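Trainee: Please work out how this folds:
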Amino acid sequence: MHAALHDIRVTFGSLTAVDGVSIDIEAGGIHAIVGENGAGKSTLMNVLFGLVKPDAGRIEIDGEPRGWASPQEAIASGLGMVHQHFMLQDEMTVLENIVLCAEPISRFGFVDFSGARRKLAQGFSEHGIAIDLDAIVGQLAVGQRQVVEILKMLYRDARLLILDEPTAVLTPQEKDRLFAILRSFAAAGKSVVIITHKLDEVMEIADHVSVMRGGRLISSGLLGGTSKERIAREIIGGDLPPPLKPQPREPGAVVLSVANLTIASRAGHVGPLSFEVRAGEIVGIAGVSGNGQAELVQALTGLRKPAGGTILLAGRDVAALDVAGRRHAGMSYIPEDRQRMGLALGATVAENANAGREDRAGFAAGPFLRRRAMADFARDLIRRYNIRVGGPAARASTMSGGNK
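Mentor: Numbers count the residues shown, from 1 in each chain. Okay, the predicted model is just below:
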């Protein structure tokens, strides 16, 4: 499938997310779209997939003008998109997730799971995919979940596949398996688009690369006609700054102390875990996704009750404190799932920025919120951290993934 976008323009309030972008996606190739957070990459592809209606511009598929009223129309026309946050039902099997909303019906009126298995078996053989169709999705590793998302599109006969930040949470081995599948797709004549900012991976897998900055297309062409250094300069709009050298420093007092912490999980107990975090330290917890990291964070922040052990924050036992109590005690939490847990997408940027602060004097007058103070606070955050959004009154859902 050949897709062409011409002079696409998208605005969210006062923010111009995509500004007159034209791009060609060739059949049988892998096209990388790169840029910083808020560059407009995902918004542009959401236009192609029917999730966002452009203010101006047009789409052509195989030379014919097309437009979608919904993603369902795009899917029916041969497009597929794998989002950064997977859209799967954890309690259902792999096969049930794949056929959901596209169930094959037998002549007796029942779901024809056997027919679906036969169709998928052909795709497994063609693209070197291996997965247990009867496995429960909630028990799969993140790399396998991504394969399920790809199989959903393969089952629906996608000829153009868009992947948004596909390697963000994959191990190197999972990334290699994903790239093998994508190369197989391209070799079969399908079009593949990856939205990313990982330049090493762009150099490894892409045939074409397009660079976006500030909603505009900076360059687009064959990968062989550019270099990693040139792409990096185009992304940031200048030369790369010199790398910062870490300065040695002595750690301070213990801020967080965890001792013999155990947590019940679906797969069994996590722990016992013991560690300390001191003032001035950055402590990393490494491991393949699904090996207890989420349960640990939930126990630390009050979202999950531990089975045993102690958690001391600045010397204080916080076991009896709920999420709000731990926040007031000085603990903050940025969840991995910003879509469902990090933000209220239907609320404004100002409302999200002030969530949990409503009881502070500066943001409330008796039982009433001080909307102007909330907006001023959000406006200062937008300016200070260079957040690309249409202002404090914009909905959180209009922001790009990185800005969220």
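Trainee: Quick one: residues in contact with stretch 206-215.
Mentor: For stretch 206-215, contacts defined as Cβ atoms under 8 Å, 6 or more residues apart in numbering pick out 16-19, 21, 23, 25-26, 29-36, 38-41, 44, 186, 194, 202, 217-223, 226, 231, 234-237. Using the backbone N, CA and C atoms, a C-beta is placed for each residue, glycine as well.
Trainee: Compute the number of surrounding residues for residue 316.
Mentor: 11 (other Cβ atoms under 10 Å).
Trainee: To clarify, my last question referred to residue 100.
Mentor: 13.
Trainee: what sits against it?
Mentor: Residues in contact with residue 100 (Cβ under 8 Å, 6+ apart) are 89, 92, 152.
Trainee: where's the closest residue to the second one other than its chain neighbours relative to residue 63, distance?
Mentor: Translated: residue 92. What sits nearest to residue 92 in space, not counting adjacent residues and going by Cβ to Cβ, 6 or more residues apart in numbering, is residue 137, at 6.1 Å. Distance of residue 137 to residue 63, given as Cβ to Cβ, to the nearest Å: 38 Å.
Trainee: SS state for residue 235?
Mentor: Under the three-state scheme (DSSP: H, G, I helix; E, B strand; the rest coil), residue 235 adopts helix.
Trainee: ok, now residue 195?
Mentor: When the rule is three-state DSSP, residue 195 gets the label strand.
Trainee: residues near it, how many?
Mentor: Using other Cβ under 10 Å, residue 195 is surrounded by 25 other residues.
Trainee: Name all residues that make contact with residue 399.
Mentor: 38, 349, 387-389.
Trainee: again with residue 87
Mentor: Taking Cβ under 8 Å, 6+ apart, one finds residue 149 in contact with residue 87.
Trainee: one step back: with neighbour count and secondary structure as added columns, please give the contacts of residue 100 in CSV.
Mentor: Output for the contacts of residue 100, formatted as CSV (neighbours: other Cβ atoms under 10 Å; DSSP: H, G, I helix; E, B strand; the rest coil):
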residue, neighbour count, secondary structure
89, 12, coil
92, 15, coil
152, 23, helix
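Trainee: From those residues, pick the one nearest residue 99.
Mentor: Closest approach to residue 99 among the contacts of residue 100 (Cβ to Cβ): residue 152, at 8.5 Å.
Trainee: Please name the nearest non-neighbouring residue to the closest one.
Mentor: According to Cβ to Cβ, 6+ apart, the nearest residue to residue 152 is residue 98 (5.2 Å).
Trainee: Residue ranges in the stretch 301-404 of the chain under the pLDDT threshold?
Mentor: In the predicted model of the stretch 301-404 of the chain, residues 357-361 satisfy pLDDT under 70.
Trainee: in it, which spans are helices?
Mentor: 323-328, 349-353, 371-384 (DSSP state H, counting those that start in this stretch).
Trainee: same thing with the chain?
Mentor: 41-48, 71-76, 94-99, 113-127, 142-155, 172-187, 199-205, 228-236, 293-301, 323-328, 349-353, 371-384 (DSSP state H).
Trainee: Please list all residues in contact with residue 325.
Mentor: Shown in contact with residue 325 (Cβ under 8 Å, 6+ apart): 302, 318.
Trainee: now residue 266
Mentor: Going by Cβ under 8 Å, 6+ apart, residue 266 touches 138-139.
Trainee: Tell me how far it lies from residue 380.
Mentor: 42 Å.
Trainee: Return the most buried member of the helices of the chain.
Mentor: Ranked by mean neighbour count, those are led by helix 41-48 with a mean of 25 (mean count of other Cβ atoms under 10 Å).
Trainee: what's the average pLDDT for that helix?
Mentor: The pLDDT scores in helix 41-48 average 89.
Trainee: Need the helices of the stretch 301-404 of the chain in TSV (columns: distance to residue 272).
Mentor: Shown next, in TSV, are the helices of the stretch 301-404 of the chain (distance: least, Cβ to Cβ, whole Å):
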stretch	distance to residue 272
helix 323-328	21
helix 349-353	36
helix 371-384	39
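Trainee: quick one, domains of the protein?
Mentor: 3-236, 250-333, 344-404 (automatic domain parsing).
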